[in-house]
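>>> Okay, structure incoming, though there's no sequence with it:
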């Protein structure tokens, strides 16, 4: 496994791989890898001849008051996980390699980005689209792997690939959870023991709402009201949003008519903002 | 030569060409081809194994009051020119092929796009960047050819390719002019005989300003004032802008210190808006 900081080195090795007709799988990450990332990497390794993982905490997708500086980093540990999972190249650039001083090009999106996380993080998806477009051009993959935990990000990337005609298959992978149901996230490391216990309510509330839906309640305002009450029962938790959306467009719906609808939530637990989601068609 | 309306057909043939290690040259156009386009296509044919020309009047780069509907079109004539110049594929999509009904992704740029044409055509370069990014993904070229007449467009595309890490060499080609100096443009077809004569002032004024510069005047405000006076001598003409800019960033400069600076002008001649430019280091 090689670790490259330079764009040119990645492009050079990709060009060699292409000459030998290798299929390339790409997993973009911000590092501090957990079991969720590992599941993406292992799937990429199983489905492709070569695997590139990018580890880059992209400043452009963080708002001015967000956790860019404190976002956890551990390249050594990440490299070990990647090597064991069959990665060929880690791309780990500095900011100066990714953004020239007079950088001024942006990939932006309307509609899908205006709901959910886009409301509380207004510059977030512009940063995500821009960096992912760059990474796609640098790594030139056949397939790119994203976690379903970031449901809106997955929808945004799928739409960007469709609208801009990227020749890349976007593959969404299931959420990986701890045994007690907490969705894996690099940000879980911010939680105190009490907060971590409190954070279990995210998954539990999603599951309860799905049970309510299957028991016959299909009005979204009733389901949302129930969830908000549950989530704010503990004063450690503060709801950012609870929405029931069409999964491709991320547009909120009035009544659940399609079972593939997605309940997406973002909740502050102490000073940590966590997201989770569930599809109503998942088995109980 | 093949003419394809479908994105998939272009991607399929490009994939075949790539397997045989062909270099691909790409010339994006809005059709109604003239000698300027022909010079780009011939250079692309000389430098690459395969040449794709796109002919597409992109609605996204026209403002609401601009000449989208009246923009001249003649596919049959264009196809003949392309065939003679050695084109392998013309990509000539419908709007529905390029923009799905819920299209919502944009490539946008700040700074370079805020001067010159960007001031009077505020959505123009967003449309240009977005469609060129799409066309680059569809045609996957090694080299792309643009005319120097659209100096700002060339600077914008170069910057987009740099910032988003496209693996494409952008080649700017010299302005092609009629014998009397009028820069070739599909929009010249809008001009009445009197307007066409009046339009000669664009190139003539640029050349006079360059003479003034070489005679020792390097203050841009003096040069600009001179040009505005010359250009508005005839009431058929109305200046949109006259600027002296750094050619890479398109930022106006106060005094000409580098001889590669560019004088760029846009002038309404009757109801037709024409652009032209000159580099101060071109020989007199």
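Perfect, I can see it now. Only a predicted model underlies this, so the values are computations on that prediction, with no experimental measurement involved. Numbering: from 1, shown residues only, chains lettered A, B, ... in the order given.
>>> what sits against residue A:156?
A:109, A:112-113, A:125, A:128-129, A:250 (C-beta atoms under 8 Å, 6 or more residues apart in numbering or on different chains). (C-beta placed from N, C-alpha, C; glycine too.)
>>> Filtering those by proximity to chain B, which remain?
Intersecting the contacts of residue A:156 with the contacts of chain B gives A:109, A:112, A:129 (criterion: C-beta under 8 Å from any C-beta of the partner chain).
>>> Next, the distance between the ends of stretch A:251-261.
10 Å (C-alpha to C-alpha, to the nearest Å).
>>> again, but for stretch A:172-192
30 Å.
>>> picking that back up, switch the contacts of residue A:156 over to a markdown table; also include distance to residue B:140.
Putting those into a markdown table (distance: C-beta to C-beta, whole Å) gives the following:
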| residue | distance to residue B:140 |
| --- | --- |
| A:109 | 23 |
| A:112 | 26 |
| A:113 | 27 |
| A:125 | 26 |
| A:128 | 24 |
| A:129 | 20 |
| A:250 | 30 |
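>>> In PyMOL, select just the buried ones from those residues.
The buried residues among the contacts of residue A:156 can be selected in PyMOL (16 or more other C-beta atoms under 10 Å in any protein chain shown) with this line:
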select buried, chain A and resi 109+112+113+125+128+129+250
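>>> so which of the contacts of residue A:156 would you say is closest to chain B?
In terms of C-beta to the nearest C-beta, no member of the contacts of residue A:156 lies closer to chain B than residue A:109, at 4.9 Å.
>>> Just the pLDDT at the closest residue to that closest one other than its chain neighbours, thanks.
Of all residues not flanking residue A:109 in the chain, residue B:105 sits nearest, at 4.9 Å (C-beta to C-beta, 6 or more residues apart in numbering or on different chains). What the model reports as pLDDT for residue B:105 is 98.
>>> cool, residue A:282 as well?
Looking at residue A:282, the pLDDT reads 73.
>>> quick revisit: for the contacts of residue A:156, which one is nearest residue B:59?
residue A:109 (18.7 Å; C-beta to C-beta).
>>> Counting neighbours, what do you get for residue A:123?
By the criterion of other C-beta atoms under 10 Å in any protein chain shown, residue A:123 has 16 neighbours.
>>> Equivalent analysis for residue A:2, please.
Residue A:2: 12 neighbours (other C-beta under 10 Å).
>>> State the phi and psi torsions of it.
Residue A:2 adopts backbone torsions of phi -110, psi 150, taken as degrees, to the nearest 10.
>>> contacting residues for it?
By C-beta under 8 Å, 6+ apart, the neighbours of residue A:2 are A:9, A:13, A:88-90.
>>> mind listing the strands for the stretch 1-150 of chain A?
A:2-4, A:24-29, A:50-55, A:89-91, A:105-109, A:143-147 (DSSP state E, counting those that start in this stretch).
>>> any idea which helix or strand comes after the last one?
Elements were assigned by DSSP states H and E; along the chain past strand A:143-147, the next helix or strand is helix A:151-163.
>>> For that following helix, the averaged confidence score.
Mean predicted lDDT for helix A:151-163 stands at 98.
>>> Show me what whichever helix or strand comes after that helix pairs with in its sheet, parallel or antiparallel.
Using DSSP H and E, the helix or strand that follows helix A:151-163 towards the C-terminus is strand A:169-173. If you go by DSSP bridges, strand A:169-173 pairs up with strand A:143-147 (parallel).
>>> Okay, buried residues for stretch A:62-79 please.
A:62, A:71, A:78-79.
>>> so how far is the first residue of it from its last?
Stretch A:62-79 end-to-end distance (C-alpha to C-alpha) = 24 Å.
>>> Over to stretch A:144-158?
10 Å.
>>> re earlier: just the buried ones out of the contacts of residue A:2, please.
A:13, A:88-90.
>>> want to throw these into TSV with pLDDT and distance to residue A:25?
As requested, the buried ones among the contacts of residue A:2 are exported to TSV (pLDDT from 0 to 100; distance: C-beta to C-beta, whole Å):
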residue	pLDDT	distance to residue A:25
A:13	98	14
A:88	98	9
A:89	98	11
A:90	98	13
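>>> List the contacts of the helix or strand hosting residue A:227.
Remark: residue A:227 resides in helix A:220-231, with elements defined by DSSP H and E. Residues from elsewhere that reach helix A:220-231, judged by C-beta under 8 Å, 6+ apart: A:201-202, A:204-206, A:208-209, A:212-213, A:217, A:237, A:239, A:242-244, A:252-256, A:263, A:265, A:267.
>>> Against which helices or strands is the very next helix or strand once past that helix packed?
Next helix or strand after helix A:220-231 toward the C-terminus (DSSP H and E): strand A:237-245. Strand A:237-245 sits against helix A:117-120, helix A:193-214, helix A:220-231, strand A:262-269, with contacts defined as 3 or more C-beta pairs under 8 Å, 6 or more residues apart in numbering or on different chains; DSSP states H and E.
>>> quick one: which of those is nearest residue A:165?
Per C-beta to C-beta, nearest to residue A:165 of the helices and strands packed on strand A:237-245: helix A:117-120, 23.2 Å.
>>> Mind listing residues that contact that closest one?
So helix A:117-120 is contacted by A:112, A:124-125, A:152-153, A:240-241, A:266, A:275 (C-beta under 8 Å, 6+ apart).
>>> Closest one to residue B:233 out of those, please.
Nearest to residue B:233 among the contacts of helix A:117-120, with distances taken as C-beta to C-beta, is residue A:125, at 51.0 Å.
>>> Could you pull up the contacting residues of the closest one?
So residue A:125 contacts A:61, A:108-109, A:112-113, A:117-118, A:152-153, A:156 (C-beta under 8 Å, 6+ apart).
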